[in-house]
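**Q** Just to be clear, the model below is a prediction. Sequence and coordinates:
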Amino acid sequence: MNAIAHLSDLHFGTEDPVLVRRLLVELDELQPRLTVISGDLTQRARRAQFAAARRFIDALPAPVLVVPGNHDIPLWDVTRRIVSPLGRYRSYITPDLCPFHRDGALAVLGLNTTRPARWKEGEISPAQADLIRDRLGDLENGLVKVVVTHHPFIPPPDQPRLAVVGGRATALAALRDAGVDLLLSGHLHLGYSGLLDERPGLLSVQASTAVSRRRRGQPNGYNLVHLPAAGGPVLETRRWDGQTFRPVTVPTLRHSPR
């Protein structure tokens with residue numbers, strides 16, 4: 001399938017095994033071009049939770065691109081949070097905190113927006129904004145350019161005062177300079193999307209929690225971002241109906257070509 005599967009907020013340690021099994025079956029059937037996980041693989045950054053997340057990733061169709069979330073940093077173990085906040089993530093998941101995937105249609109850059117000192121809040125640093133320009137700015141025309149973060153760029157439509165990722169203004173300038181088409185994020189356990197006013201056509205897509213019981217008024221779900229031959233990415237949202245993940249009717253948003 002010529003699509004990106006966008007999962008988020010797995011929170012192993014609070015997962016529903018039925019949803020985990022069904023999601024793996026479904027993604028194996030769909031065979032997406034790339035699977036993206038936008039953070040919070042674990043609930044409390046414990047070894048057993050990371051091991052479960054690792055098994056899940058290994059069962060996904062390759063390739064997979066993953067970024068950490070704030071729950072992948074210890075909360076109560078303050079010493080570990082200071083000394084080695086992402087040590088277990090690096091050991092079990094990947095040592096690469098700015099993963100990059102490129103193929104004939106896609107260029108996808110992941111950014112670590114976690115900040116141990118603040119734990120819940122996230123940020124894009126000036127150095128990460130420069131990385132967006134360096135990795136995506138000079139690529140050839142025709143590639144769909146994607147940036148993946150845990151923390152969102154836009155709040156939910158019905159909760160406009162919720163915090164978004166820090167460093168947003170600096171990051172948006174870099175996204176604009178690099179010609180980025182699509183942002184994929186999580187963190188809030190709510191699936192929604194929107195076009196950013198600062199750059200018409202830049203589509204920001206949020207995923208709800210895929211398999212955790214920690215829902216926030218919305219069923220479990222994930223996104224498929226289709227990559228048609230013309231017209232730019234098109235979003236499809238799938239939500240759990242008690243038996244399977246089914247496409248739901250949401251406002252159809254698509255990236256406007258640059």
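**A** That came through fine. What you see is a predicted model, and the numbers here were worked out from it, not measured in a lab.

**Q** Verify the stated contact: R88 with A51.
**A** No: taking contacts as Cβ atoms under 8 Å, R88 lies outside contact range of A51: 9.7 Å. Every residue, glycine included, has its C-beta placed from N, CA and C.

**Q** More neighbours: these two, which one.
**A** R88 (20 against 14; other Cβ atoms under 10 Å).

**Q** Quick check: nearest residue in space to that one, chain neighbours excluded?
**A** Spatial nearest neighbour of R88, chain neighbours left out: F50 (5.3 Å); criterion: Cβ to Cβ, 6 or more residues apart in numbering.

**Q** can you check G221 too?
**A** Nearest to G221 is R239, by Cβ to Cβ, 6+ apart, at 3.8 Å.

**Q** ditto for Q206
**A** In space, Q206 is closest to Y192, 5.1 Å off (Cβ to Cβ, 6+ apart).

**Q** Quick check: that neighbour touching F153?
**A** No: Y192 lies out of contact with F153 (Cβ under 8 Å); the separation is 11.6 Å.

**Q** and the nearest residue to G167 once chain neighbours are set aside, how far is that from F245?
**A** Leaving out its chain neighbours, the residue that sits closest to G167 by Cβ to Cβ, 6+ apart is I124, at 4.0 Å. I124 is 30 Å from F245, where distance means Cβ to Cβ, to the nearest Å.

**Q** of these two, who's got more company?
**A** Set side by side, I124 and F245 give different neighbour counts by other Cβ under 10 Å, the larger being at I124 (26 against 21).

**Q** confidence score at that one?
**A** Confidence at I124, expressed as pLDDT, is 97.

**Q** correct me, but it touches V165?
**A** Yes: using Cβ under 8 Å, I124 is in contact with V165, at 5.9 Å.

**Q** who touches both of those two?
**A** Jointly contacting I124 and V165 under the rule Cβ atoms under 8 Å, 6 or more residues apart in numbering are T113, T149, A171.
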